[in-house]
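Visitor: For reference, the sequence and a predicted model appear below.
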Amino acid sequence: MVFPREASAILKTVTEERHRSLFKVPVYQADVKLEAAFDLADIPAAVSPGAELDWSRGEIVVGVSHARGALGDAVLEADGKIIVLTPAKIAPDIVLGDDQSGWMKLTLFGARIDTLTKPGTRFNVTSLLRFSGAQHVTVLSYGKTTHLSAQGDWRNPGFDGAFLPTRRTIAGNGFTAQWSVPFIARGVRAEGPADSLVGLEGTALGISFVELADPYQSVSRSQKYVLLFVGLIFLSYFVFEVTSGKRVHPAQYVLVGIAQVIFYLLLLSLAERIGFDWGFLVAGAATVALLSANAGWVFSSRVQGMKALAAFSLLYALIYLLLRVEDNALLVGAIASFLAIAATMYITRRMDWYSPFAATGAAEGPADLNPPASNDTSLSR
């Protein structure tokens, strides 16, 4: 196996969203141009002692991981000729990787060009491929030095793999990105037997087509704040309890907790139909209305119900804000939690926690065990 001295690839993608029932997935069509500059001047020096190269059987090969996605024949432009690539004779399939880095199977397509593959020659070839795929596309660093230029119309690309792009731009109409991987960074030797390809799977230059508006991802993110969310709801009910002087039965706290669980079920089912934002608005409004009405029933007070409406609306707005600020979610959540506990401390600062009737005043205190004597005297026989 001999890698090109210089490799330059151009990748262009056009994407669309495919729907099946409630689910959607970004799929793409890609046009790839792989240019390679070979230098065979020193290849005989890399051959094992006593071995002899059969140049008449040399092939120029191109590897793809999923050949079923091809939209047309792969062709090779070399020496002024256009040749259709066919399954390689020397090695139709090769498996790369290990348990740590992951396995990758490449199907090799090749073409024999006897006029080019000779000792000491230098030549350039270009391969053209057109294929379709979903969610992810990767180009391996197939040259000693590899350059990749990619562009597409997807608005939310993710760049992954072993190397990040040296330059990239993301706009509303798509993206562009460029990679440059020198030989010293690639970590794979330039020529050798077939096992010299081992490690090539760790040189990937990848693009992921990320769906930022995925309702399942948004609901999953909201569940990360469930302990904070439910804790603040229970804390609010506790504040209402100690300030109103009316005891709340543990079963009523359980009902409030169940309402929070049902909120997430509503959110997921609605987000599948109308999107996460509208789903959160409808599910949140219904749950806030239910909790506020329940507070009015439990504490037998419309005033407490209105206070609950304001408090719970603020809490649900806070959760939505945490899901949207992303990078500052931890800071916002920490500040909100601190303010919530500080407000609770302030509201209950004058509570006599040792007296179970402190909030209700002396009028609701325990009955006097020694009532005053009455002036009326009654006799009975």
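Guide: Good, I have the coordinates. Residues are numbered from 1 along each chain as shown.
Visitor: Please make it C-alpha for all contacts and neighbour counts, starting now.
Guide: Will do.
Visitor: Following the chain past whichever helix or strand residue 25 is part of, name the next helix or strand.
Guide: Assigned by DSSP states H and E, residue 25 belongs to strand 23-39. Counting by DSSP H and E, the element after strand 23-39 in chain order, helix or strand, is strand 59-64.
Visitor: Now do that following strand and strand 23-39, the angle between them.
Guide: Here strand 59-64 runs at an angle of 160 degrees relative to strand 23-39 (axes from the mean of the first three to the mean of the last three Cα atoms, to 10 degrees).
Visitor: average pLDDT for strand 59-64?
Guide: In this model, strand 59-64 has an average pLDDT of 90.
Visitor: Equivalent analysis for stretch 125-134, please.
Guide: In this model, stretch 125-134 has an average pLDDT of 93.
Visitor: Extract the CA atoms of that stretch and return them as PDB.
Guide: Extracted in PDB, the C-alpha atoms of stretch 125-134 (Å, rounded to 0.1, in the frame of the first residue of the first chain):
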ATOM      1  CA  VAL A 125      -5.100  11.200 -10.400                       C
ATOM      2  CA  THR A 126      -8.600  12.300  -9.500                       C
ATOM      3  CA  SER A 127     -11.500  10.200  -8.300                       C
ATOM      4  CA  LEU A 128     -15.100  11.400  -8.400                       C
ATOM      5  CA  LEU A 129     -17.800   9.900  -6.300                       C
ATOM      6  CA  ARG A 130     -21.500  10.700  -5.700                       C
ATOM      7  CA  PHE A 131     -23.400   9.100  -2.800                       C
ATOM      8  CA  SER A 132     -26.100   9.600  -0.300                       C
ATOM      9  CA  GLY A 133     -26.100   9.100   3.500                       C
ATOM     10  CA  ALA A 134     -27.700  10.300   6.700                       C
END
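Visitor: Centre of the chain to that stretch, how far?
Guide: Distance of stretch 125-134 from its chain centroid, counting by Cα atoms, centre = their mean, to the nearest Å, is 27 Å.
Visitor: Go ahead and confirm residue 109 touches residue 85.
Guide: Yes - assessed by Cα atoms under 8 Å, residue 109 is found in contact with residue 85 at 5.6 Å.
Visitor: How about the strand holding residue 25, which residues are buried there?
Guide: 25-39 (16 or more other Cα atoms under 10 Å).
Visitor: Name the secondary structure element that contains the spatially closest residue to residue 323 that is not a sequence neighbour.
Guide: In space, and not counting its chain neighbours, residue 323 is closest to residue 222: 6.5 Å by Cα to Cα, 6 or more residues apart in numbering. Assigning secondary structure by DSSP H and E places residue 222 in helix 215-223.
Visitor: Residue 312 now?
Guide: helix 302-325.
Visitor: Residues in contact with that helix: which ones?
Guide: With Cα atoms under 8 Å, 6 or more residues apart in numbering as the test, helix 302-325 has contacts from 218, 221-222, 225, 229, 232-233, 236, 240, 280, 284-285, 288-289, 291-297, 328-329, 332-333.
Visitor: Which positions in it come out as buried?
Guide: Buried positions in helix 302-325, judged by neighbour count with 16+ other Cα under 10 Å: 304-305, 307-309, 311-313, 315-316, 318-320, 322-323.
Visitor: what's the next secondary structure element after it?
Guide: helix 329-347.
Visitor: and the helix holding residue 312 with helix 215-223, angle?
Guide: 120 degrees.
Visitor: Could you check how far helix 302-325 is from the centre of its chain?
Guide: 28 Å.
Visitor: picking that back up, just the ones in strands from the contacts of helix 302-325, please.
Guide: With strands taken from DSSP state E, there is no overlap with these.
Visitor: From those residues, list just the buried residues.
Guide: The buried subset of these - by 16+ other Cα under 10 Å - is 218, 222, 229, 232-233, 236, 240, 280, 284-285, 288-289, 291-296, 332-333.
Visitor: low-confidence ranges in the stretch 51-200 of the chain?
Guide: 91-92, 97-102 (pLDDT under 70).
Visitor: As a check, name the ranges of all helices in it.
Guide: 183-186 (DSSP state H, counting those that start in this stretch).
Visitor: What ranges does it have for its strands?
Guide: For the stretch 51-200 of the chain, the strands defined by DSSP state E, counting those that start in this stretch cover 59-64, 75-78, 81-84, 86-87, 93-98, 102-112, 122-134, 136-140, 145-152, 157-161, 167-171, 174-181.
Visitor: So which of the ones you listed is nearest residue 252?
Guide: strand 157-161 (46.2 Å; Cα to Cα).
Visitor: Among the buried ones among the contacts of helix 302-325, which are located in helices?
Guide: 218, 222, 229, 232-233, 236, 240, 280, 284-285, 288-289, 291-296, 332-333 (DSSP state H).
Visitor: which intervals of the stretch 201-350 of the chain have sub-threshold pLDDT?
Guide: 212-215, 326-329.
Visitor: go with 90
Guide: 201-204, 209-280, 283-284, 287-288, 291-350 (pLDDT under 90).
Visitor: related to what we said a few turns ago, can you give me how far the helix holding residue 222 is from the chain middle?
Guide: Taking the mean of its C-alpha atoms, helix 215-223 sits 10 Å from the chain's own mean (Cα atoms, centre = their mean).
Visitor: quick one on the thing from earlier: within its sheet, name the partner strands of the strand holding residue 25 and how each one runs.
Guide: When sheet partners are counted by DSSP bridges, strand 23-39 sits next to strand 6-20 (antiparallel), strand 122-134 (antiparallel).
Visitor: so which of the ones you listed comes closest to residue 344?
Guide: Ranking the strands paired with strand 23-39 by proximity to residue 344 (Cα to Cα) places strand 6-20 first, at 48.1 Å.
Visitor: Would you mind measuring the gap between the ends of stretch 52-67?
Guide: End-to-end distance of stretch 52-67 (Cα to Cα, to the nearest Å): 33 Å.
Visitor: Same question for it: list its buried residues.
Guide: If you call a residue buried by 16+ other Cα under 10 Å, then stretch 52-67 has these buried ones: 58, 59, 60, 61, 62, 63, 64.
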